[in-house]
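> take a look and give me a structure for this.
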Amino acid sequence: MNDFTNYPVTLVLIAANVLISLMAFNNQDLYSKTIMWPYGVKRYNQFYRFITSGFIHADYVHLFFNMFTLFFFGQVVEQYFKGLELGGAIAYLALYFLGLIASDLPTYLKQKDNYNYHCLGASGAVSAVVFAAIVFNPWGRIYLYGALGISAALYAVLYIVYCVSMSRRGGDHINHDAHLWGSLFGLGFTITLIAAIQPGLFEYILEQLKNPSLFGR
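Numbers count the residues shown, from 1 in each chain. Coordinates of the predicted model:
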């Protein structure tokens, strides 16, 4: 039986995302005040949008996909950070919230003078969590659409390709660039954390990398 007490931070983050997103679906004023608006950040110093925009979503599918991913990868990272003494809940929250900010910074710099640009979603933070998990188990098996099993490392490559492709296509309020930059931040943050607190873990990680498996195990 799943013990939810092992990953309380993940559950709180999911609950906050669901609650705020549902409220914003039915409240245009809340939606407009929380969405990422680079022009507003620059012109009116609305820096809070770096955080609030990560707790609202474009629609139910967008919300479900992000929370489904956060549930499975978040609990893994939360337990790794706690069990391996990598800062526990504090480090996990830092990964999540700094991932939100870092993933939106490139978009902010690119769109800060564009009055009409808006974006939203927890994708940057969720991507950071996904790639943090991959650091610890690069050849673990991930099932695409519940059927096709591939390794976490191969998933990471495909994910990056997808992010770049969708970013070039555009056409929605979902910040696909945030997926890419959140992923890179998650990798960098986790590697830096390990180097600073538990450098001995690199030996284990390198041993994992020596035995590749494209379809995971």
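> please count neighbours and contacts with C-alpha atoms only from this point.
Fine.
> list phi and psi for the closest residue to residue 38 other than its chain neighbours.
Nearest non-adjacent residue to residue 38, counting by Cα to Cα, 6 or more residues apart in numbering: residue 112, 4.5 Å away. Dihedral angles of residue 112 (phi, psi; degrees, to the nearest 10) stand at phi -60, psi -20.
> tell me where the chain has strands.
Assigned by DSSP state E, the chain shows strands spanning 141-144, 148-151.
> any chance of the ones you listed in TSV, with distance to residue 131 and mean pLDDT too?
Shown next, in TSV, are those (distance: least, Cα to Cα, whole Å; pLDDT from 0 to 100):
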stretch	distance to residue 131	mean pLDDT
strand 141-144	13	77
strand 148-151	13	82
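> wait, which of those is closest to residue 71?
The closest of the strands of the chain to residue 71 is strand 141-144. By Cα to Cα, the value is 13.8 Å.
> pLDDT score for residue 92?
Reported pLDDT at residue 92 in the predicted model: 98.
> burial of it, as a residue count?
The local packing of residue 92 (other Cα atoms under 10 Å) involves 24 other residues.
> isn't it up against residue 81?
Yes - at 6.9 Å, residue 92 counts as touching residue 81 under the criterion of Cα atoms under 8 Å.
> quick one: contacts for the residue nearest the centre of the chain?
Centrality entry for the chain: nearest residue to the mean C-alpha point is residue 126, 1.8 Å, by Cα atoms, centre = their mean. Counting by Cα atoms under 8 Å, 6 or more residues apart in numbering, residue 126 makes contact with 66, 69, 70, 96, 182.
> redo these as JSON lines? Include distance to residue 141, pLDDT and neighbour count.
Putting those into JSON lines (distance: Cα to Cα, whole Å; pLDDT from 0 to 100; neighbours: other Cα atoms under 10 Å) gives the following:
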{"residue": "66", "distance to residue 141": "19", "pLDDT": "89", "neighbour count": "20"}
{"residue": "69", "distance to residue 141": "14", "pLDDT": "86", "neighbour count": "15"}
{"residue": "70", "distance to residue 141": "16", "pLDDT": "92", "neighbour count": "25"}
{"residue": "96", "distance to residue 141": "23", "pLDDT": "98", "neighbour count": "24"}
{"residue": "182", "distance to residue 141": "21", "pLDDT": "95", "neighbour count": "31"}
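> would you format these as TSV with distance to residue 198 included?
Below are the contacts of residue 126 laid out as TSV (distance: Cα to Cα, whole Å):
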residue	distance to residue 198
66	30
69	27
70	25
96	20
182	23
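> what is the nearest of the residues you listed to residue 197?
The closest of those, once distances to residue 197 are taken by Cα to Cα, is residue 96, at 18.5 Å.
> which pLDDT value goes with the residue nearest to the closest one when sequence neighbours are not counted?
Here the nearest residue to residue 96 in space, its sequence neighbours aside, is residue 125; by Cα to Cα, 6+ apart that works out to 5.0 Å. Note on residue 125: pLDDT of 96.
> residue 125 and residue 94 touch, don't they?
No - assessed by Cα under 8 Å, residue 125 is found out of contact with residue 94, at 10.1 Å.
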